[in-house]
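[1] sharing a model prediction with you, sequence too.
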Amino acid sequence: MKQSPLFSGIVYIALGLLFTYLAVATVSETGWGFFSYVLVLLATFDIGSGIRMIQFHFKLKQIQKKS
């Protein structure tokens, strides 16, 4: 079964938001440590990937509409 890029993008953004929440909670509790930086890095990659997947979905739909 194939997943659409839109669904994958939404999942990536949701994971990015989860990692952002965990990073904020970790920083407020223990300060900036190695784990906090890792969570911020993961959140950045996930949100970026999610945005690219959603853009890809709309470009793919636009190409299919022209054909």
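    Cool, the structure landed. Residues are numbered from 1 along each chain as shown.
[2] low-confidence ranges in this protein?
    Under the criterion pLDDT under 70, the flagged ranges of the chain are 1.
[3] just the helices from it, written as ranges.
    With DSSP state H, the ranges of helices along the chain come out as 5-30, 34-66.
[4] what is the burial count for residue 29?
    8 (other CB atoms under 10 Å). Every residue, glycine included, has its C-beta placed from N, CA and C.
[5] for residue 47, see how far away it is.
    For residue 29, the distance to residue 47 (CB to CB, to the nearest Å) stands at 22 Å.
[6] quick check, residue 46 in contact with residue 16.
    Yes - counting by CB atoms under 8 Å, residue 46 touches residue 16, with 3.5 Å between them.
[7] burial measure for residue 47, as a count.
    Neighbour tally, residue 47, other CB under 10 Å: 19.
[8] return the residues in contact with it.
    12-13, 16-17, 20 (CB atoms under 8 Å, 6 or more residues apart in numbering).
[9] same thing but 10 Å
    Residue 47 makes contact with 9, 12-17, 19-20, according to CB atoms under 10 Å, 6 or more residues apart in numbering.
[10] and residue 5, by the same measure?
    By CB under 10 Å, 6+ apart, the contact set of residue 5 is 50, 52-61.
[11] contacts only, for the residue lying closest to it once chain neighbours are set aside.
    Spatial nearest neighbour of residue 5, chain neighbours left out: residue 57 (4.0 Å); criterion: CB to CB, 6 or more residues apart in numbering. Shown in contact with residue 57 (CB under 10 Å, 6+ apart): 4-10.
[12] go through the residues you listed and give me the one with the most neighbours.
    residue 9 (21 neighbours).
[13] the residue nearest to it when sequence neighbours are not counted: what's it in contact with?
    Setting aside the residues directly before and after it, residue 9 is nearest to residue 53 in space (CB to CB, 6+ apart), at 3.3 Å. Shown in contact with residue 53 (CB under 10 Å, 6+ apart): 3-13.
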